[in-house]
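>>> The amino acid sequence is not available; the structure is as follows:
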């Protein structure tokens, strides 16, 4: 991307939009705001960008922790966050990536309801749009422990595939659950489509 994706303006301004007078909302601040109504705590896992993210995180009422070894990759950041969730006495978590637009509240509501009413033996609820799986995912303690037992060099997809029969997919009408913002072109596409 060439810059910190967490701090990209959100929603992205169209080419002919007037700049707002107040502070600019970012992908990070918008995601935190979206999750606040559905989670009792919100934890952001940062790497070397922690000093830049900290003011945004605190201004939104969330917590921030640092991955002590971000060079190990994204999965190690997820493991850092999940360990903190357990340290705080929680048995479930809602996980998302920072390169995705914040999901709609209807989506989060559907996922939380599906998680609350899941059958015994279901460890995770995953949104699905257009036949593709997305984020955020909601996981119980069993899936948290499966992620934490995996090597830090692994990835979430491997753990999910190994536990496929323990995942319930929930169809949603929110394309953002599977939208990645990895490049300036991805971001520009969103700017023109919102």
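Ah, there it is. Predicted model only: the values in this text are computed from it and were never measured.
>>> isn't there a helix covering residue 139?
No: Residue 139 is assigned strand when assessed by DSSP: H, G, I helix; E, B strand; the rest coil, not a helix.
>>> Enumerate the beta-bridge partners assigned to it.
residue 93, residue 124 (DSSP bridges).
>>> what about it, distance to residue 50?
24 Å (C-beta to C-beta, to the nearest Å). C-betas here are computed from N, CA, C, even on glycine.
>>> separation between the residue nearest the centre of the chain and residue 51?
Nearest to the geometric centre of the chain sits residue 96, at 1.4 Å (C-alpha atoms, centre = their mean). In this view, residue 96 and residue 51 are 22 Å apart by C-beta to C-beta.
>>> cool, residue 176 as well?
28 Å.
>>> Looking at residue 139 and residue 50, which has the bigger crowd around it?
residue 139 (28 against 16; other C-beta atoms under 10 Å).
>>> Quick one: residues contacting the more buried one.
The contact partners of residue 139, taken as C-beta atoms under 8 Å, 6 or more residues apart in numbering, are 92-93, 95, 123-125, 147.
>>> Mind doing that once more with 10 Å?
For residue 139, the contacting residues are 82, 85, 91-95, 115, 123-126, 145-147, 156, 159-160, 166-167, by C-beta atoms under 10 Å, 6 or more residues apart in numbering.
>>> Find the residue ranges of the protein scoring beneath the pLDDT cut-off.
The model of the chain has pLDDT under 70 over residues 1, 13-23, 192-194.
>>> Strands of that one, start to end?
43-46, 63-66, 92-95, 124-129, 132-133, 137-140, 167-171 (DSSP state E).
>>> ok, the fifth one: who's next to it in the sheet?
Read that as strand 132-133. strand 124-129 (antiparallel).
>>> Apart from its chain neighbours, what residue comes closest to residue 68?
residue 80 (7.3 Å; C-beta to C-beta, 6 or more residues apart in numbering).
>>> With residue 165 as the reference, measure out to that neighbour.
27 Å.
>>> what about these two, which has more around it?
residue 80 (22 against 8).
>>> List only buried entries from the contacts of residue 139.
Buried subset of the contacts of residue 139 (neighbour count, 16 or more other C-beta atoms under 10 Å): 82, 85, 92-95, 115, 123-126, 146-147, 156, 159-160, 166-167.
>>> ok, residue 55 - contacts?
residue 64.
>>> roughly how far apart are it and residue 26?
From residue 55 over to residue 26 the distance is 11 Å, taken as C-beta to C-beta.
>>> rewinding a little: just put the strands of the chain in CSV and tack on distance to residue 185.
Formatted as CSV, the strands of the chain follow (distance: least, C-beta to C-beta, whole Å):
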stretch, distance to residue 185
strand 43-46, 26
strand 63-66, 29
strand 92-95, 26
strand 124-129, 21
strand 132-133, 19
strand 137-140, 26
strand 167-171, 28
